[in-house]
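J.: Whatever this is, show me its structure:
(one chain, ligands or ions: 2)
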Amino acid sequence: MTPSNNLPKRVKIVEVGPRDGLQNEKETIAADIKIELVDRLTQAGFANIEAASFVSPKWVPQMATSAEVMSRIARKPGVVYSVLVPNMQGFDAALAAGADEVVIFGSASEAFSQKNINCSIAESIARFRPVAQAAKQHGLRLRGSISCAFGCPYQGEVTPDSVADVVRRLRELDCDEIDIADTIGVATANKVHAVMRRAATEFPIDRLSGHFHDTYGQALANIYASLEDGISIFHSSVAGLGGCPYARGATGNVSTEDVLYLMQGLGIDTGIDLNAVVDAGQFISAHLGRKAVSRAGNAIAARRQS
Ligand code: HMG
Ligand code: MG
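T.: Numbers count the residues shown, from 1 in each chain. Ligands and ions are numbered 1, 2, ... in the order given. Here you go, the predicted structure:
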């Protein structure tokens, strides 16, 4: 099937389940389980997997095993394994762990910036500057993430101009890719158009990504709206894992299985094996003792059994 309208013919799906998905789990998950999850995702064909984060373990205890995870995953040549780093301490750990890409993560909301990384937006950019320089010096890819680009749990409204302002500052740090993130999943399609189009005035649209959470059930509609604007990079989480420790009530990222099912139907190439992702989703959900939060994943798993 050929893609409808003028939608991109191929998209990159960045699998963020092992980091964004698992970081909020209350029970400590053994490194072996995280490693098996990453390995299954590698086998499924992702070109980019967000595998870990080197943040303060006091702030996010679940990510304390990140060095072990990064040292024991079975890497496939050409796959980019990304990690989040908030400062130089995180960068040094990421470099030692052999990360291919570091992600500096800021916010379009002052209030969320304080809650999540304990500093203002301006302070965060100053803190990211040496990280960005070190990443370039060591030949690592550099991605910038902008949380709360469509709304904030603490300050409410976030304007497209304030998103664009952070996009510009991250561009000045020479980011290769910039994520526009709906941390609390409040966006609807018209807001997506407004924010993506404004962001694209500051940064090439083919290097902007959509990172949607599904709290209000709008994530697939928001992805479709982003496709209409020409966005061709999306983040998703196997089995819809996730939630942010500093955004109460926010549910998981849009599930990868649902996104792949949508792309298949639209005739958009992802290079990823949906069946293998369904298996990975059923694996991690069984380990967590609950049903996957993926309509397509659960439907495919049920059909196999019948
Ligand atoms: P702070 O307390 O202001 O930092 O936290 P500090 O520099 O004063 O250090 C305090 C302690 O943390 C010290 O240890 C440091 O060594 C340690 P102590 O002396 O007390 O024993 N520390 C570290 N340890 C390991 N790795 C590090 C590190 N840095 C300091 N890199 C800080 C500031 C930024 C560190 C903290 O707020 C933090 O780690 N925040 C991370 C929060 C986080 O990971 N949130 C979730 C990810 S963001 C997200 O999910 C959104 C996203 O998915 C997009 C979306 O959906 O919107 C990306
Ligand atoms: Mg997220």
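
J.: ranges for the strands of the stretch 201-306 of the chain?
T.: Applying DSSP state E, counting those that start in this stretch to the stretch 201-306 of the chain gives strands spanning 208-212, 233-236.

J.: Would you tell me which one of the ones you listed is buried the most?
T.: Neighbour counts averaged per stretch over these are highest for strand 233-236, at a mean of 26; criterion: mean count of other CB atoms under 10 Å. Just so you know, the C-beta spots here come from the backbone N, C-alpha and C atoms, and that holds for glycine as well.

J.: so what strands line up beside it?
T.: Strands flanking strand 233-236 in the sheet, each with its direction: strand 12-15 (parallel), strand 208-212 (parallel) (DSSP bridges).

J.: The first one and ligand 1 in contact?
T.: No - in this structure, strand 12-15 remains apart from ligand 1 according to CB under 6 Å from any ligand atom; the gap is never smaller than 10.9 Å.

J.: Run through who's touching that strand.
T.: Strand 12-15 is contacted by residues 41, 46-50, 82, 209, 232-238, 256, 259-260, 263, 270, 272 when judged by CB atoms under 8 Å, 6 or more residues apart in numbering.

J.: mind giving me JSON lines with the strands paired with strand 233-236 and columns for distance to V55?
T.: Shown next, in JSON lines, are those (distance: least, CB to CB, whole Å):
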{"stretch": "strand 12-15", "distance to V55": "18"}
{"stretch": "strand 208-212", "distance to V55": "17"}
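
J.: And the strands of the stretch 201-306 of the chain: which comes nearest ligand 1?
T.: For ligand 1, the closest of those is strand 208-212, at 5.4 Å, according to CB to the nearest ligand atom.

J.: Now do that closest one, average pLDDT.
T.: The average of the pLDDT scores along strand 208-212 is 98.

J.: any residues touching that strand, and which ones?
T.: Applying CB under 8 Å, 6+ apart, the contact partners of strand 208-212 are 12, 14, 16, 145, 167, 177-182, 185, 187, 192, 196, 199-200, 218-219, 222-223, 226, 231, 233-236, 253-254.

J.: rerun at 6 Å
T.: By CB atoms under 6 Å, 6 or more residues apart in numbering, the residues outside strand 208-212 that reach it are 178-179, 181-182, 199, 219, 222, 226, 231, 233-235, 254.
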